[in-house]
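1. Below is the sequence, then the predicted model.
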Amino acid sequence: MIRLAAMLYSLIATAIAGSAVIAVLAAGMISSAAIIYAAATGAVVAVPVSWLVAKRLY
């Protein structure tokens, strides 16, 4: 199940981090620090999400 979660992480992290960056940009925060924090937060949030998706699929 860890391999499935790792494969799903590459897709889910991209989607969540991208959405977070778009949300930050839409909110008007155009500093590079805000964009980096949003991307990092999206990558961290994607870990449990990918684990839960893998658990449901497995």
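-> Received it, and whenever you're ready, just let me know what you need. Numbering: from 1, shown residues only.

2. can you pull the contacts of the residue of the chain most remote from its centre?
-> Residue farthest from the centre of the chain, counting by Cα atoms, centre = their mean, is residue 58 at 20.9 Å. By Cβ atoms under 8 Å, 6 or more residues apart in numbering, residue 58 lies in contact with 1, 4. (Glycine included, C-beta is placed from N, CA and C.)

3. same check, this time on residue 9
-> Neighbour list for residue 9: 46-47, 50 [criterion: Cβ under 8 Å, 6+ apart].

4. Among those residues, which lie within helices?
-> 46-47, 50 (DSSP state H).

5. Residue 56: neighbour count?
-> Using other Cβ atoms under 10 Å, residue 56 has 7 neighbouring residues.

6. That one is in what secondary structure piece?
-> helix 32-57 (DSSP states H and E).

7. buried ones in that helix?
-> 38-39, 42-43, 46, 49-51, 53-54 (16 or more other Cβ atoms under 10 Å).

8. on contacts alone, who are the packing partners of that helix?
-> helix 2-26 (3 or more Cβ pairs under 8 Å, 6 or more residues apart in numbering; DSSP states H and E).

9. Fine, thanks again, bye for now.
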